[in-house]
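Novice: Here is a sequence with its predicted model. Questions after.
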Amino acid sequence: MKENIVVDKSKNFALRIINLYKYLCEKEEYILSKQILRSGTSIGANIREAIFGQTKADFYFKMNIARKEANETEYWLELLYEGKYISKKSFENIYYDCKEIIKLLTSITKTQKTPNKK
């Protein structure tokens, strides 16, 4: 697969989320950690599905799901920070990456025409 910024960023983000999950489990936080693991790793999976989709409608649909998962991940990050599970420095770093992915996905979905429903 050739280089693709959103694919690369989402995969690197997923790896960071996995490490955050491990850290949270060490702190015996199991509920929020599973939520962020699910949504944070789903972003890249949906992007990959979109790229290898069979139709433009499939691409658009999967990219929108990826954007929704990124927004959900943003929410879990906010809760983890405000709940004092992660430091301000850790939060700001990963939160910035999440926001960047959201911006990329928003740009991608806005430039695609909404597929006609039949």
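Specialist: Everything's here; your move. Computed from a predicted structure; not experimentally measured.
Novice: helices or strands next to the longest helix along the chain in the packing?
Specialist: The longest helix of the chain (DSSP state H) is helix 56-82. Judged by 3 or more Cβ pairs under 8 Å, 6 or more residues apart in numbering; DSSP states H and E, helix 56-82 is in contact with helix 5-26, helix 31-51, helix 88-111. Quick note: C-beta positions are derived from backbone N, CA and C, even for glycine.
Novice: relative to helix 31-51, how tilted is that helix?
Specialist: Counting by axes from the mean of the first three to the mean of the last three Cα atoms, to 10 degrees, helix 56-82 points 160 degrees away from the direction of helix 31-51.
Novice: In helix 56-82, which residues are buried?
Specialist: 59-74, 76-77, 80-81 (16 or more other Cβ atoms under 10 Å).
Novice: circling back: okay, the helices and strands packed on helix 56-82, which one's buried deepest?
Specialist: The highest average neighbour count among those, using mean count of other Cβ atoms under 10 Å, belongs to helix 31-51 at a mean of 19.
Novice: now the helices and strands packed on helix 56-82 in a markdown table, with mean pLDDT?
Specialist: Listed next are these as a markdown table, based on pLDDT from 0 to 100:
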| stretch | mean pLDDT |
| --- | --- |
| helix 5-26 | 98 |
| helix 31-51 | 97 |
| helix 88-111 | 96 |
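Novice: Sweet, I'm off.
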